[in-house]
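Engineer: need a 3D model of the following:
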Amino acid sequence: MKPKIFDQFVSFIYCEDLEKTCQFYEKIIGLEMVLDQGPCRIFRVAPNAFLGVCVQMDPPKEKKGIIITFVTKEVNGWYEYLKQFPLVFEKTPQFNDKFNIYHLFVRDPAGYLVEIQEFKDPKWPQPEIRR
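Structural biologist: Take a look at the predicted model:
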């Protein structure tokens, strides 16, 4: 019988400069590092969701097709906060009719596209807080 749900979720990305990339996620974005494995560091994104950042001497050059999305109702607040850092914005906050979202895009130090987004569709499930 197939289990109904997973307990946790981890996505891993690869970079050349572990310190610089982890500094972005820990110091700028504010994620808590929960495990330092040396060449990989894992950050808590939500109660049971994690982002792993690993150093690799030859990480994938092509970052196309990969988007790290953080969901929040504070897209404008994040934009104002992030503007103080030397980051590359691919898109400033705007509404996307096709997907009924409000979002922005910024590049992390490794070149990955980071989206900060709010779902406007009332059918989107609200976060469950587990303790």
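
Engineer: so which strand or helix has residue 80?
Structural biologist: According to DSSP states H and E, residue 80 maps onto helix 75-82.

Engineer: the helix or strand following that helix vs helix 75-82, what angle?
Structural biologist: Proceeding N to C from helix 75-82, the next assigned helix or strand is strand 89-96, under DSSP H and E. Counting by axes from the mean of the first three to the mean of the last three CA atoms, to 10 degrees, strand 89-96 lies at 170 degrees to helix 75-82.

Engineer: neighbouring strands - and their directions - for the next helix or strand after strand 89-96?
Structural biologist: Sequence-wise, the next helix or strand downstream of strand 89-96 (DSSP H and E) is strand 101-107. Strand 101-107 has the following strand partners under DSSP bridges: strand 89-96 (antiparallel), strand 113-119 (antiparallel).

Engineer: list of residues touching strand 101-107?
Structural biologist: 67, 75, 78-79, 82, 87-96, 113-121 (CB atoms under 8 Å, 6 or more residues apart in numbering). For glycine as for every other residue, the C-beta is placed from the backbone atoms N, C-alpha and C.

Engineer: what residues sit buried inside it?
Structural biologist: Going by neighbour count (16 or more other CB atoms under 10 Å), the buried part of strand 101-107 is 101-106.

Engineer: what are the buried residues along stretch 43-52?
Structural biologist: Those would be 43, 45, 50-51, for stretch 43-52 by 16+ other CB under 10 Å.

Engineer: got it, and stretch 26-44?
Structural biologist: Across stretch 26-44, burial judged by 16+ other CB under 10 Å covers 28-29, 31, 40-43.

Engineer: for the residue nearest the centre of the chain, name its beta-bridge partners.
Structural biologist: The chain has residue 68 as the residue nearest its centroid, 4.0 Å off, counting by CA atoms, centre = their mean. On the basis of DSSP bridges, residue 68 is bridged to residue 114.
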